[in-house]
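would you be able to build a 3D model of this:
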Amino acid sequence: MIMPLAAERLRKFAACVLIVLTAIAFSVAASAKAVTAPRGSVQLEPGSELEWSGSADVTGDGIDDDIRLVGRPIEAGALFCSSHDIVVVDGASGRTISFPLGELSAGYKGDVTLGRIVFGHALDIVVSIPTGGSGGITNCFVVSVDDGKAKFLVDPSVLAQGPELDITATDGYTLRIEDPARKGAFSIDLRQATSEDASLSETYKGVYSESGKLLKPLDSVVDPCGAIELAPNDDGVSQVIVHQKIWAVYHANGVALVRSTWHWNNGNLRIASVSVMPPINPDNYEKYLTTLDPAKPGPSVEAASKAYKEQFQYAPPALREVAFLQLRDFHNKVAAEQSNYLVHQAEGEDGFKRVSDLASSLKASDEYHLAGLTPVYEGEGMWTVVARPGFYIEEFGSLLSDEYRDFLALEDMEANWPWALDAALMIPLDSLGARVRAWEAYIEDHPTSPFTSEAQTHYRNELSALILGLNNTPNFDYETGRIRPGVEDALRRYVRLNSDAPSAQAVTKAMGIYRKNRCIADDSVRSEIMRLAQ
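Numbers count the residues shown, from 1 in each chain. Next up is the predicted model:
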């Protein structure tokens, strides 16, 4: 799995809103480079399928190039591809550079991330192709197209193999792992590494005695690359992080994780450091969260955050993401407890004023700030407490993937600058349109995100408000049914700025319905337009 570094992608779709957003929420990812989906048709060879596309300067001339990952399915409609290519269309010359990734690129739909691995002007390309084999093995490729010349920065087979490690089992259910090239040595306790669901004596029957005496050599294997990611340094140059699994006896019995850090050094991408750690199980973290009291926001959130960083800082991206979703669920439970507390304070004759004063006090409190909570006014005297999305970006930074940071940044914008209150629009239609496009772009860029459903809810609600308005700020006059001044101009601007977007087609259809009815909106017109936002 790749952790993309395109933290500012959505800015191009929603400039007027996301300029502020980028300054606040993406300060932790200042070294990341925007990657935007190229517009216009993509010409593919017969039998090929586009799996990823983006736009950034990978040739080093300061002009963005179109980058595409193209797969060749083994047969029409098949998910498995016999090979993959990187195709770059030079932004300056229009020249197409096609670079085959070779036999190791056989696999399922791949992913791409961009980062500066070699110091210079061009971004480098990292591709991951899941093989579909057991253990989550992923073949990875690091490609440079600097000066328009495509090449591997490291032999893909060397990257897949990782460091050469010597593994020896010893008495006491202990695995000793040595890294001769860097003179490193690590010790793994198999009693801690073995799953709670597995019996130690059954797993290592015939290998260890009941007392832990080694009876014969233990078969152990280091899997090829399972995940790859880029970690930017302060100078903007990224390290390449490769994750591998060590298993013993049978493949499902993972006993350790290998994390190797690769640097560009003297014209080659080389391993700079290696660490080996016990396997990481997000289920244990989830159990730990159940021991924390949601009614104590400060200590509980602090403990949950600390444990997350300690346990998952060096974990493969997929495990970090699973644990983050568990943390977010717990954080929302803490917020719900605090919301219930505010509701109880609203009882009595002066309840609304008491809650308002209390919410203001909590919003300014150090405990709420440290716990990542904020009271939010919902209208009609009611308040709720929400887990502040920006808290995760501030607290965990680069531990979160681009997919997660993009969503949290947009959510943080919604929390800090509400677009509606008391059934009235609080921002101009142009700003609302920018939000519509930003959510739509997120869904396009991350169709399999765990946050897609939430993003779609934001998108549908805001698109509906864009084309119809809200009850207290409708796009039409209630008495005459006529479109309010400025609405058509705002909708036309949206279509002009986002002409290729599906939402622009919905807006165009809405304007056509308005015009067909002489710019008068009755119930039937509103119902017809409402369906466009579904």
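
in what helix or strand does residue 395 lie?
Per DSSP states H and E: residue 395 is located in helix 389-396.

from residue 406, how far off is residue 438?
9 Å (Cβ to Cβ, to the nearest Å). In short, each C-beta sits where N, CA and C put it, glycine included.

what sits against the residue nearest to residue 96 when sequence neighbours are not counted?
Nearest residue to residue 96, sequence neighbours excluded (Cβ to Cβ, 6 or more residues apart in numbering): residue 89, at 5.4 Å. When contacts are counted by Cβ atoms under 8 Å, 6 or more residues apart in numbering, residue 89 touches 65, 66, 68, 95, 96, 97.

got the phi/psi numbers for residue 89?
phi -100, psi 110 (degrees, to the nearest 10).

can you pull the pLDDT of it?
pLDDT recorded at residue 89 is 95.

helix/strand/coil for residue 360?
helix (DSSP: H, G, I helix; E, B strand; the rest coil).

hmm, I typed the wrong one, I wanted residue 113.
Assignment for residue 113 (three-state DSSP): strand.

next, count neighbours for it.
25 (other Cβ atoms under 10 Å).

so it makes contact with residue 140?
No: using Cβ atoms under 8 Å, residue 113 is not in contact with residue 140, being 10.4 Å away.

can you pull the residues that touch both of the two?
Counting by Cβ under 8 Å, 6+ apart, the residues touching both residue 113 and residue 140 are residue 126.

can you point me to the longest helix in this structure?
helix 317-345 (DSSP state H).

now stretch 50-70: buried residues?
51-61, 64-70 (16 or more other Cβ atoms under 10 Å).

equivalent analysis for stretch 375-390, please.
375, 376, 377, 382, 383, 384, 385, 386, 387, 388, 389, 390.

any idea which element the most centrally placed residue in the chain lies in?
For the chain, the residue nearest the mean C-alpha position is residue 403 (1.9 Å; Cα atoms, centre = their mean). Residue 403 is part of helix 402-416, with elements assigned from DSSP H and E.

got it, and residue 526?
helix 523-530.

show residues contacting that helix.
By Cβ under 8 Å, 6+ apart, helix 523-530 touches 464, 467, 468, 510, 513, 514, 517, 521.

of the residues you listed, which pair is most distant in space?
Spanning the widest gap among these are 464 and 517, at 18.3 Å by Cβ to Cβ.

which one of the two is surrounded by more residues?
A side-by-side neighbour count of residue 464 and residue 517, using other Cβ under 10 Å, places residue 464 first with 19 against 15.

who touches the more buried one in this structure?
530, 533.

quick one on the thing from earlier: quick check: closest non-adjacent residue to the residue nearest to the centre of the chain.
residue 446 is the one closest to residue 403 (Cβ to Cβ, 6+ apart), at 4.8 Å.

pull the contacting residues for the one you found.
403, 406, 407, 452, 455.

can you redo these as TSV with distance to residue 187 and pLDDT?
Formatted as TSV, the contacts of residue 446 follow (distance: Cβ to Cβ, whole Å; pLDDT from 0 to 100):
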residue	distance to residue 187	pLDDT
403	35	91
406	40	94
407	39	97
452	42	94
455	45	97
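
between which two of these is the distance greatest?
406 and 452 (11.7 Å).

and those two? Which one has more around it.
residue 406 (27 against 16).

right, and that one touches residue 444 too?
No: taking contacts as Cβ under 8 Å, residue 406 lies outside contact range of residue 444: 11.3 Å.

can you tell me the SS state at residue 450?
coil.

residue 425 pairs with what?
residue 420 (DSSP bridges).

who's in contact with residue 469?
So residue 469 contacts 425, 475, 476, 484, 487 (Cβ under 8 Å, 6+ apart).

now do 7 Å
When the contact criterion is Cβ atoms under 7 Å, 6 or more residues apart in numbering, the partners of residue 469 are 425, 475.

run through the bridge partners of it.
residue 474.

ok, now how distant is residue 371 from residue 321?
If you go by Cβ to Cβ, the gap between residue 371 and residue 321 works out to 22 Å.

same question for residue 140.
For residue 140, the distance to residue 321 - Cβ to Cβ - is 18 Å.

between these two, which is the more surrounded one?
Taking neighbours as other Cβ under 10 Å, residue 140 and residue 321 compare with residue 140 leading, 25 against 21.

wait, a helix at that one?
No: Residue 140 sits outside any helix when classified using three-state DSSP, being strand.

and the helices in the stretch 101-250 of the chain, which stretches?
156-161, 190-193, 200-203 (DSSP state H, counting those that start in this stretch).

run a quick neighbour tally on the closest residue to residue 62 other than its chain neighbours.
Using Cβ to Cβ, 6+ apart and skipping residues adjacent in sequence, the residue nearest residue 62 is residue 121, 6.7 Å away. Residues within reach of residue 121, counting by other Cβ under 10 Å, total 13.

and residue 121, what does it touch?
So residue 121 contacts 57, 60, 62 (Cβ under 7 Å, 6+ apart).

now, which of those residues sits nearest residue 150?
Closest approach between the contacts of residue 121 and residue 150, by Cβ to Cβ: residue 60, at 12.6 Å.

which residues does the helix holding residue 395 contact?
25, 28, 305, 309, 372, 400, 405, 408, 409, 411, 412, 415.

lowest pLDDT pick from those?
residue 28 (28).

could you list every residue that touches residue 460?
Here residue 460 is in contact with 533, 534 (Cβ under 7 Å, 6+ apart).

now do it against residue 532, distance only.
Distance from residue 460 to residue 532, by Cβ to Cβ: 10 Å.

so where's this protein shaky on pLDDT?
1-42, 133-135, 194-198, 346-351, 519, 521-522, 525 (pLDDT under 70).
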